[in-house]
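Undergrad: sequence plus predicted model, see below.
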Amino acid sequence: MPSNEQRRAAAKRKLERQLARRAEQEKKRKRLTIAGSVLGVIVVVAAATGVYFLTTGEDSSSDTAESSSAVPTTQFVNTPLDIPGPPPPAAKPATVDCSYPVGQEPPAKPVTAPTTTSVATDGPQVKVAIDSTQGPIGLSLNSAQAPCTVNSMVSLIKQGYFDKTSCHRIVATPGFGILQCGDPAATGMGGPGYTFDNEYPTDLFPAGDPALQQPVNYKRGLVAMANAGISPDGKGTNGSQFFLVFGDTQLPPNYTIFGTIDEAGLATLDKVAGGGVKGGAEDGGPAIPISFTTVKVG
């Protein structure tokens, strides 16, 4: 029979493991958060000088080949997580009313909020074709589970908001594989000048539900929105930044899932993931640069 000292030591080890897991979960959650306090500084400076921090993405084929071949690559291997994904989406009304309040800061690239706010949820999935400097990426956007998100994305695409922009961030580690895009400023802090609320899977949980802090599996092949958490007035902070999941990723269900990536797109993402992060870091700009030349609906 273990002594009291042995039982205390075992309890201490168990507590240390729990604290380590929680710290790692919080670290991963923060990776997907946009630094909203810095956003105002960056955008105000850009507006004052008349210069937006745009990456044109006008790489020639020779430039693309050179940037890829100059980076040592390894094959990224997806590590399936042993935690479940979010619950299935709930059925929505035939139409939903969406709100896109304009914020205090101007957009990172000239664009307007969606003019359509009454959105149907029973239409076909929206197909999106991304022509990137590292290969094609096809998306299928799901209006049934995230109508307001898809409505915003389609509006931004049709206005050319994502054309000639770079993906500014990659994380390619076991249990976390995402490429973050959608910021024309390529700083990780740019947005469209308006925000909107979370949808699936956040809408499955009441506000304050402890389940919103528990990790779920954002599986390889999903597309989800990046955000800056919930604002002090209880509103969502989604804008234009999104992440493409190329490896099963552990996150709390606070990031709206609004579509999936096709096989050609996953092959493109695997190519970029193989280069890892600039400088060999865990989180940062992709060592193999990737820009969107054009993004089109249909």
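TA: Sure thing, it's come through.

Undergrad: all strands for the stretch 1-150 of the chain, in order.
TA: Secondary structure of the stretch 1-150 of the chain (DSSP state E, counting those that start in this stretch): strands at 95-97, 118-120, 126-132, 135-141.

Undergrad: dump the ones you listed into JSON lines; add mean neighbour count and mean pLDDT as well.
TA: For glycine as for every other residue, the C-beta is placed from the backbone atoms N, C-alpha and C. Converted to JSON lines, the strands of the stretch 1-150 of the chain look like this (neighbours: other CB atoms under 10 Å; pLDDT from 0 to 100):
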{"stretch": "strand 95-97", "mean neighbour count": "13", "mean pLDDT": "97"}
{"stretch": "strand 118-120", "mean neighbour count": "15", "mean pLDDT": "97"}
{"stretch": "strand 126-132", "mean neighbour count": "19", "mean pLDDT": "98"}
{"stretch": "strand 135-141", "mean neighbour count": "19", "mean pLDDT": "98"}
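
Undergrad: need those strands in JSON lines (columns: distance to residue 154).
TA: Listed next are the strands of the stretch 1-150 of the chain as JSON lines, based on distance: least, CB to CB, whole Å:
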{"stretch": "strand 95-97", "distance to residue 154": "15"}
{"stretch": "strand 118-120", "distance to residue 154": "10"}
{"stretch": "strand 126-132", "distance to residue 154": "6"}
{"stretch": "strand 135-141", "distance to residue 154": "7"}
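
Undergrad: out of those, which is closest to residue 156?
TA: In terms of CB to CB, the element of those nearest to residue 156 is strand 126-132, at 10.8 Å.

Undergrad: which strands and helices sit next to the closest one?
TA: strand 135-141, helix 147-158, strand 291-297 (3 or more CB pairs under 8 Å, 6 or more residues apart in numbering; DSSP states H and E).

Undergrad: return the most buried member of those.
TA: helix 147-158 (a mean of 23; mean count of other CB atoms under 10 Å).

Undergrad: by contact count, what packs against the next helix or strand after that helix?
TA: Downstream of helix 147-158, the next assigned helix or strand under DSSP states H and E is strand 165-166. In terms of contacts (3+ CB pairs under 8 Å, 6+ apart), strand 165-166 is packed against strand 291-297.

Undergrad: quick one: the strand it packs on to helix 147-158, angle?
TA: Using axes from the mean of the first three to the mean of the last three CA atoms, to 10 degrees, one finds that strand 291-297 and helix 147-158 are set 120 degrees apart in direction.
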